[in-house]
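Visitor: Provide a 3D model corresponding to the input given below.
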Amino acid sequence: MTFERSKQMIEEASQVLPGGVNSNFRLGMKPTPLVFERGEGPFLFDVDGNRLIDYYLGMGPMILGHNPASVIEAVRAQLDSGILFAGQTEIEREAARLVCEMVPSAEKVRFSCAGSEVVQAAWRLARASTGRSVIVKFEGHYHGWLDSVLWSVAPPADQHGPLEAPIPVPASAGQDLRAGENTEVLPWNDLELVTQRLERGDVAALIMEPAMCNTSTILPAEGYLQGVRDVCTETGTVLIFDEVITGFRVAPGGAQQLFGVTPDLTTMGKAIANGFPLSCLAGRADLMDLFVTGEVMHGGTYNAQPSTMAALVATLTELAKPETFDALTTQGNRLKEGIARALADAGVQARVEGFPQVFHVGFGVEDPVTDYRSSLQADKARYIRFTEALHYKGVRSLERGAWFMSSTHTADVVDETIEAVVAVAKEI
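Guide: Next comes the predicted model:
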């Protein structure tokens, strides 16, 4: 198996695209950023003629696979009626109704195009409703690439400061440092530190992934989410769950349904429309209505674009079927167990943990992983060599350790994947 044509095309594209790509998250992929011709179910076919079992899944959105007939047919039918109206459509009301039925926190919703956008909208609502300015986030949690929130996403160990008082670390050159003056950082999974900070009474909102999926896949400690919910309620702090990854993926109603803890606001994206550019902010009606009554600005030319709404309705209709999540859970658990067994049999120390629908593999991990700092024990360089070798066995998985499942990853596909992992584990 070779990837030379992809490599050549990336070099050619670099003449007109910086790095030959349109997202920095696609830079430096091993063996090279790939160029694809088509996707089919759990497979991608690249310009070199390779068929790869795909566990990137578009970085998470393709929960129904690469060409689900129901989604494609719904979008095609909507396109026959028009592309963009600068007005409302019946399909967007149907989309909002589905989200409200499925997500516990969703009394009302607003649609946008990217997760970064709805995070900013949520912060505005929190500040408008509380009259406060400070937002608390956590180390290792990613909430978009804008200046105000891109802090301590992956801070170097020699810069993040003491555990009880982390130093906010900007994640990009050119970042406006003053934009983060009201953004504070705490370590995740430490309820005592959260309580101490919120009890000062000046925090507008606390935002977090209810399970860390951008850094490793780390579950909340027993009672942690409910404890944070309680202290937010007591201190008048708006609780925001960033479910851009976990929403509609780990359960039909997201992590909040799975864990039984309801935030005030929720941001969602990725799996919501199976690859179409769509994000959603949902939450308490009194907060959401501030877009109308509280002079809180939220706009966007492409918000609720009709074909993306059709994609949402078709996607969530499939995800609401019990058999869809039954298949995701069964095959996801089989894959997790198969990878763990293959690595253990080859003498590779590894942690395989998370949800059946999205989990993480970390090499060299011996101690419990409960937050960003404890995740740093992973041998990332060795894992990248592992994923690069998997490409030559026909399996594409993320270098950061995440494995995303789709409903099209059948038992045969999982078996083929495990065979590839067994072979590569022996090689390394």
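Visitor: Checking R341 next. Helix, strand or coil?
Guide: helix (DSSP: H, G, I helix; E, B strand; the rest coil).
Visitor: Could I get the full set of strands for this structure?
Guide: 36-40, 43-46, 51-54, 108-112, 134-138, 183-186, 203-208, 238-243, 265-268, 279-283, 350-354, 358-363, 395-396, 402-404 (DSSP state E).
Visitor: Looking at these, which is nearest to Y383?
Guide: strand 358-363 (4.6 Å; C-beta to C-beta). Where you see a C-beta, it was placed from the backbone N, CA and C, and this is true even at glycine.
Visitor: what does the closest one rub up against?
Guide: Outside of strand 358-363, the residues within contact range by C-beta atoms under 8 Å, 6 or more residues apart in numbering are 60, 213, 216-217, 245-246, 249-250, 332, 336, 339, 343, 348-354, 369, 375, 378-380, 382-383, 386, 401-405.
Visitor: buried subset of those residues?
Guide: 60, 213, 216-217, 245-246, 249-250, 332, 336, 339, 343, 348, 350-354, 369, 375, 378-379, 383, 386, 401-405 (16 or more other C-beta atoms under 10 Å).
Visitor: what's near enough to touch the spatially most central residue of the chain?
Guide: For the chain, the residue whose C-alpha lies nearest the mean C-alpha position (C-alpha atoms, centre = their mean) is I245; its distance is 2.7 Å. Applying C-beta under 8 Å, 6+ apart, we find I245 in contact with 60, 209, 213-214, 270, 358.
Visitor: Ok, L290 next?
Guide: 125, 128-129, 296 are the contacts of L290 under C-beta under 8 Å, 6+ apart.
Visitor: Let's see that with 6 Å instead.
Guide: 125, 128, 296 (C-beta atoms under 6 Å, 6 or more residues apart in numbering).
Visitor: Look up phi and psi at the spatially closest residue to G65 that is not a sequence neighbour.
Guide: Nearest residue to G65 in three dimensions, chain neighbours excluded: T408, at 3.3 Å (C-beta to C-beta, 6 or more residues apart in numbering). Phi and psi for T408, reported as degrees, to the nearest 10, are phi -90, psi 0.
Visitor: Pull the contacting residues for T408.
Guide: 41-42, 65.
Visitor: one step back: could the contacts of I245 go into JSON lines alongside pLDDT and distance to L278?
Guide: Formatted as JSON lines, those follow (pLDDT from 0 to 100; distance: C-beta to C-beta, whole Å):
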{"residue": "G60", "pLDDT": "96", "distance to L278": "13"}
{"residue": "E209", "pLDDT": "98", "distance to L278": "19"}
{"residue": "C213", "pLDDT": "94", "distance to L278": "19"}
{"residue": "N214", "pLDDT": "90", "distance to L278": "19"}
{"residue": "K270", "pLDDT": "96", "distance to L278": "9"}
{"residue": "V358", "pLDDT": "98", "distance to L278": "19"}
